[in-house]
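Q: One predicted model, sequence on top.
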Amino acid sequence: MSKVNKSKFKLLHQYYKYTGFYSFLWQGIKKAILPTVVIVALLVFINYKFFNLNEILIYFTKNFSDFLIFTVFFISECILGLLPPDIFIAWSKNSESPLFNLTILALLSYLGGVISYFLGMLIVAIPSVNKYLYGKMEKHVINMQKWGGFLIAVGALLPLPFAIACLAAGMIHYSRKYFFLFAALRFLRFVIYGFVIYNVLS
């Protein structure tokens, strides 16, 4: 049994190696790490040298309702992740219920991915729209066809376009069961980034 599992793992490893998944993953990580390091370093520098970022975040918590902030975030997560989730994670740190609001953000991000997934399925049913978007997202769709759940997992965990991965999954009618499973890793991303950002702003 162990030999069979080892053989399957080896074949899977070879497949991802030959199809360029590891190269794609490494390139994505390199692109993601630099902006993340720069943003965190900039936040720390500004926080200690110029003005207290906590005071700015407290201003937002006092002058904008949680509902409004959650709504803006949810719309962003549904429309290709236009705004970095890290900004909202930082906001949650100074809210009245940090962990609760962080959980809500993670849930909204997950639901935004789910909506993108179903939008992808809807797009396929409209030939003119499908033709236009497929031309724009051909690379993502092809990658989704090759790597499926692993690509969703990468989008969920790393600062990469999660909504685009979900949209591409819907366009190829990727298994709903496995989509919901891999997309749930989005919650882990918020736990990790929440821990880092909360400590930076403490």
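A: Thanks, I have it.

Q: Mind listing what's buried along stretch 88-104?
A: 88, 89, 90, 91, 92, 93, 94, 95, 101, 102, 103, 104 (16 or more other C-beta atoms under 10 Å). C-beta coordinates here come from the backbone N, C-alpha and C atoms, glycine included.

Q: In three-state terms, label the nearest residue to the fifth one once chain neighbours are set aside for me.
A: Spelled out, it's residue 92. Of all residues not flanking residue 92 in the chain, residue 101 sits nearest, at 4.1 Å (C-beta to C-beta, 6 or more residues apart in numbering). Three-state call for residue 101 (DSSP: H, G, I helix; E, B strand; the rest coil): helix.

Q: same check, this time on residue 83
A: coil.

Q: Quick one: low-confidence residue ranges for the chain.
A: Per-residue confidence for the chain (pLDDT under 70) gives these ranges: 1-6, 13, 31-36, 39-40, 43, 46-59, 130, 202.

Q: That one: helices as residue ranges?
A: Ranges of helices in the chain, per DSSP state H, are 2-18, 21-49, 53-63, 66-78, 85-93, 98-124, 127-147, 149-157, 162-171, 176-183, 186-200.

Q: Need the winner for burial among these.
A: When the helices of the chain are scored by mean count of other C-beta atoms under 10 Å, the highest mean neighbour count falls to helix 162-171 (a mean of 26).

Q: And the contacts of that one?
A: Outside helix 162-171, the residues that touch it by C-beta atoms under 8 Å, 6 or more residues apart in numbering are 77-81, 109, 112-114, 116-124, 130, 133-134, 137, 140-141, 143-144, 148, 151-152, 154-156, 179, 183, 186.

Q: Which residue comes closest to residue 165 once chain neighbours are left out?
A: residue 155 is the one closest to residue 165 (C-beta to C-beta, 6+ apart), at 3.5 Å.

Q: contacting residues for that neighbour?
A: Residues in contact with residue 155, defined by C-beta under 8 Å, 6+ apart, are 161, 162, 164, 165, 166.

Q: Columns distance to residue 38 on top of the residues you listed, output as a markdown table?
A: Output for the contacts of residue 155, formatted as a markdown table (distance: C-beta to C-beta, whole Å):
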| residue | distance to residue 38 |
| --- | --- |
| 161 | 18 |
| 162 | 20 |
| 164 | 22 |
| 165 | 23 |
| 166 | 26 |
